[in-house]
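Engineer: Got a predicted structure plus its sequence, pasted below:
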Amino acid sequence: MELNRRTVIAGAAAAGLAATTLGGTAEAATGGRAPSKKLFGRLADGTKIYRWSLANGATRLKVLSYGGIVQSLEIPDRHGRYRNVSLGFDTIEEYVAKSPYFGALIGRYGNRIANGQFTLDGKSYQLSVNDGVNSLHGGVKGFDKRVWDIEPFTKGSDVGLCLYRTSLDGEMGYPGTLKVKVTYTLTRHGDWRIDYEATTDKATVVNLTSHVYWNLAGEGSGSIYDHELKIAASRYTPVDPGLIPTGELAGVAGTPFDFRKARTIGRDIRVADQQLLHGKGFDHNWVLDKGITGRPEWIATLKDRAFGRTLKMATTEPGLQFYSGNFLDGTLVGTGGHIYRQGDALCLETQHFPDSPNHASFPSTVLRPGQTYRSTTIHSFSA
Ligand code: BGC
């Protein structure tokens, strides 16, 4: 399928998926606000970066044309008090200079590829390496550091943005020219839905995701260790000291990785477990029990007990990277003017498994000419 940036189709229709909602909010829907943009800043070469604002239901979203970054996502608590629940910066300069992927689109490959190397159809590829010897989140200049073409849409009761980018053959070492379309939709229930699509002209590997750092009590408000998390996964992929999966699918039963029943993130994060030592906390891929699905299915619920804000996630993907913000080290000041410290947010990245190109037993991330990569994730908020 040709991804024509002039053809603006709402994500749900484009992906041929039924609108799925996981609950909506207790708030009365406020109605969609057509997306509007204003200048956010300029890159060093003068390129203008815009910030798009859109709202629907009780959700307010701000998105940058740089990295497709969610700069702010506001939702109400059980008393109707709005907070921005996503970490970010106030200026484009900070995003360019030092962002640990705050709110960004990740590509071409979410998480790590060992030594930045893989072999496909007998040919070996060397990727851009940016995490020790490994390639992380697409390499030195991944999709998070690229300017996206954005077209707004209003369709029925949905509002949203279509983000387009063409990644040329050889970019960051990846084969094939990859045409990418990402649709951010806000439904009338205030759900934030992401539909990813990509096509290629040569066999390649693709694994797209979104890197929002959640703190449901509000960004800059302290740690997320009291948040309750539930993940529908009986297994996870243990890693080596470089955070590369060993290839094993290990059971979570009896380990700190068992989130099949809701538990607080802080409960076992200090257990002397070798895997927690490798990650400096949770930084692992959960093998979702539902596997790959044609339609997004519920996989995780995150809840801030104090204020009641709840995030439910559904996806078509087989994996979920839960990263407990271990590398936040008190050196960044966020949008609210507060310092971000270790554990002040967490990421829930829907994906195929890390380093899949080097593990024949993992679900394949290969995309070939004539095929369309599709992936959908829905975030539903309530209080
Ligand atoms: C990875 C972490 C990494 C972080 C970068 C996460 O997706 O799992 O290991 O440090 O992204 O902010």
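Structural biologist: The structure has been received and is ready for your questions. Numbering: from 1, shown residues only.
Engineer: Leaving out chain neighbours, which residue sits closest to Gly336?
Structural biologist: Excluding the flanking residues, the one nearest Gly336 by CB to CB, 6 or more residues apart in numbering is Gly220, at 3.9 Å. For glycine as for every other residue, the C-beta is placed from the backbone atoms N, C-alpha and C.
Engineer: tell me the contacts of the one you found?
Structural biologist: For Gly220, the contact set (CB atoms under 8 Å, 6 or more residues apart in numbering) comprises Leu87, Gly334, Thr335, Gly336, Gly337, His338, Ile339, Tyr340, Asp344.
Engineer: Kindly report the same for Val133.
Structural biologist: Ala114, Asn115, Gly116, Gly242.
Engineer: The ligand versus that one, what's the distance?
Structural biologist: Separation of Val133 from the ligand (CB to the nearest ligand atom, to the nearest Å): 14 Å.
Engineer: In this structure Phe40 contacts Trp52, no?
Structural biologist: No - contact criterion CB atoms under 8 Å: Phe40 and Trp52 do not qualify, at 9.3 Å.
Engineer: got any residues that touch both of these two?
Structural biologist: With CB under 8 Å, 6+ apart, Phe40 and Trp52 have common neighbours Leu64, Ser65.
Engineer: Can you check the pLDDT for Gly32?
Structural biologist: Note on Gly32: pLDDT of 80.
Engineer: What number of residues are in the vicinity of it?
Structural biologist: By the criterion of other CB atoms under 10 Å, Gly32 has 21 neighbours.
Engineer: Enumerate the residues of the stretch 251-383 of the chain near the ligand.
Structural biologist: Asp283, Gln321, Tyr323, Phe327, Cys347, Glu349 (CB under 6 Å from any ligand atom).
Engineer: Put together a markdown table for these, with neighbour count on each row.
Structural biologist: As requested, those are exported to a markdown table (neighbours: other CB atoms under 10 Å):
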| residue | neighbour count |
| --- | --- |
| Asp283 | 20 |
| Gln321 | 23 |
| Tyr323 | 22 |
| Phe327 | 12 |
| Cys347 | 24 |
| Glu349 | 23 |
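Engineer: quick one: which of those is nearest Glu74?
Structural biologist: Cys347 (18.5 Å; CB to CB).
Engineer: Return the backbone torsion pair for the closest one.
Structural biologist: phi -110, psi 140 (degrees, to the nearest 10).
Engineer: Name the surrounding residues that touch stretch 260-271.
Structural biologist: 223-234, 252, 256, 276, 281-282, 301, 303, 324, 343, 346.
Engineer: Can you name the residue of this structure nearest to the ligand?
Structural biologist: Proximity of the chain to the ligand (CB to the nearest ligand atom) peaks at Pro100, 3.7 Å away.
Engineer: still on that earlier bit, mind checking which of the contacts of stretch 260-271 are buried?
Structural biologist: For the contacts of stretch 260-271, a neighbour count by 16 or more other CB atoms under 10 Å gives the buried set as 223-225, 227-234, 252, 256, 276, 281-282, 301, 303, 324, 343, 346.
Engineer: how much space between Asp355 and Lys123?
Structural biologist: Distance, Asp355 to Lys123, by CB to CB, to the nearest Å: 18 Å.
Engineer: Looking at those two, which has the bigger crowd around it?
Structural biologist: Asp355 (27 against 10).
Engineer: hang on, that one packs against Asn115?
Structural biologist: No - counting by CB under 8 Å, Asp355 sits too far from Asn115 to count as a contact (9.7 Å).
Engineer: The stretch 51-200 of the chain: helices as residue ranges?
Structural biologist: 92-98 (DSSP state H, counting those that start in this stretch).
Engineer: Tell me which helix or strand comes right after the helix or strand of the chain with the lowest mean pLDDT.
Structural biologist: The helix or strand of the chain with the poorest confidence is helix 11-15; it has a mean of 34 (mean pLDDT, DSSP states H and E). Remark: after helix 11-15, the chain's next helix or strand is strand 33-42, criterion DSSP states H and E.
Engineer: Tell me which strands that following strand pairs with, and in which orientation.
Structural biologist: strand 48-56 (antiparallel) (DSSP bridges).
Engineer: if you look at the contacts of stretch 260-271, which of them are in strands?
Structural biologist: Glu228, Leu229, Lys230, Ile231, Thr301, Lys303 (DSSP state E).
Engineer: can you tell me which two in those residues are farthest apart?
Structural biologist: Pairwise across the ones in strands among the contacts of stretch 260-271, and taking CB to CB, the largest span is found between Ile231 and Lys303, at 12.6 Å.
Engineer: wait, what's in contact with Ala55?
Structural biologist: Ala55 makes contact with Thr30, Gly32, Arg33, Leu61, Val159, Leu186, according to CB under 8 Å, 6+ apart.
Engineer: ok, now how distant is it from His379?
Structural biologist: 15 Å.
Engineer: what pLDDT does the spatially most central residue of the chain get?
Structural biologist: By CA atoms, centre = their mean, the chain has its centre lying nearest to Ser210, at 1.8 Å. On the pLDDT scale, Ser210 is placed at 98.
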